[in-house]
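Enquirer: With the input below, show me the fold.
(one chain, ligands or ions: 1)
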Amino acid sequence: MQMIVNEKYYPGNLEIIKLEECDSTNNYLKRNYEQVKDKLPVLATCALQTAGRGREQRTWLSSRGKGLYSSFGFNLAARQYLNMLPLISGFSVIETLQTAAGIRDMDLGLKWPNDVLCRGEKIAGILIENIIMEPQLFCIAGIGINLNHAKEDFPGDLAEKATSLKMIAGSDRDYVVEEVNPLLARFLFQWLERLENGEKEEIIRTANRYSHFLMDTPISFHQTPGKLISGIFKGIHQDGGLILESNEGSTAIYYSGEIL
Ligand code: BTN
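Expert: Numbers count the residues shown, from 1 in each chain. The predicted model follows:
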């Protein structure tokens, strides 16, 4: 069942598609590009995903009532700054968590390029997918936030690595997707405007501030699963890449991959 609503708390021009159930909100936007392309920007949000997708072909746990599962679709004119899209999506999640539940700055961190950690555990994940539709670049920022999980809701070793807003805030009440989505939309579109305005330095400054907890620490990193690279995290480069200092002292910049 699909319902299109225009809720007053969202940025005025955002088309909202609320779904009861779908495979993945990213897939939904890709499948329905022809229908949504004249209504951009659009938000597809879903109560339950049956095949939620994470980065590197992982699945994203998407049970009803536990998390927020949303994908924002928009055209990006500033395509030279595409590397910054994961970063600003991460900032939007961080600002949303601060505003929705008063989570302190010092408890939140961005693990390059776009995992959001809270007290060292993962609270949100972002899957960016870009589709080139010349002359346009259609971007999908798929965001999953753990809202109401208890430790036992996470299967296997995820329980040691993941957390939720409810656990962190120590709240009795459940967080409601309808309250969190408008915040996310507001922050994301503010950052997108800055990106389109070329405020690159401010974006990199913010990325380095949110990644500060990793600065000068040894990390393991891979570009393709299984091929480990070790080094010292030296921050985020001015064009959005990860700066890694090798054990021999040379510096390299990476534009894709994951810190483990
Ligand atoms: C990751 O950390 O691996 C990224 C997780 C991204 C999950 C979100 S939930 C909404 C959107 N739809 C999906 O299938 N994935 C993203």
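
Enquirer: So what's the residue count around Ser62?
Expert: 23 (other Cβ atoms under 10 Å). Every residue, glycine included, has its C-beta placed from N, CA and C.

Enquirer: okay but it is in contact with Thr45, surely?
Expert: No. With contacts counted by Cβ atoms under 8 Å, Ser62 stays clear of Thr45, the gap being 11.7 Å.

Enquirer: Name the residues contacting each of these two.
Expert: Applying Cβ atoms under 8 Å, 6 or more residues apart in numbering, one finds that Ser62 and Thr45 are jointly contacted by Tyr69.

Enquirer: List the buried residues in stretch 196-216.
Expert: Using 16 or more other Cβ atoms under 10 Å as the test for burial, stretch 196-216 gives Glu199, Lys200, Ile203, Ile204, Thr206, Ala207, Asn208, Tyr210, Ser211, Leu214.

Enquirer: Also stretch 58-75?
Expert: Residues Trp60, Leu61, Ser62, Lys66, Gly67, Leu68, Tyr69, Ser70, Ser71, Phe72, Gly73, Phe74 are the ones in stretch 58-75 that count as buried (16+ other Cβ under 10 Å).

Enquirer: Reformat those residues as JSON lines; add secondary structure, pLDDT and distance to the ligand.
Expert: Shown next, in JSON lines, are the buried residues of stretch 58-75 (DSSP: H, G, I helix; E, B strand; the rest coil; pLDDT from 0 to 100; distance: Cβ to the nearest ligand atom, whole Å):
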{"residue": "Trp60", "secondary structure": "coil", "pLDDT": "95", "distance to the ligand": "4"}
{"residue": "Leu61", "secondary structure": "coil", "pLDDT": "91", "distance to the ligand": "9"}
{"residue": "Ser62", "secondary structure": "coil", "pLDDT": "95", "distance to the ligand": "6"}
{"residue": "Lys66", "secondary structure": "coil", "pLDDT": "96", "distance to the ligand": "12"}
{"residue": "Gly67", "secondary structure": "strand", "pLDDT": "97", "distance to the ligand": "7"}
{"residue": "Leu68", "secondary structure": "strand", "pLDDT": "98", "distance to the ligand": "8"}
{"residue": "Tyr69", "secondary structure": "strand", "pLDDT": "98", "distance to the ligand": "4"}
{"residue": "Ser70", "secondary structure": "strand", "pLDDT": "98", "distance to the ligand": "6"}
{"residue": "Ser71", "secondary structure": "strand", "pLDDT": "98", "distance to the ligand": "5"}
{"residue": "Phe72", "secondary structure": "strand", "pLDDT": "97", "distance to the ligand": "10"}
{"residue": "Gly73", "secondary structure": "strand", "pLDDT": "97", "distance to the ligand": "11"}
{"residue": "Phe74", "secondary structure": "strand", "pLDDT": "95", "distance to the ligand": "15"}
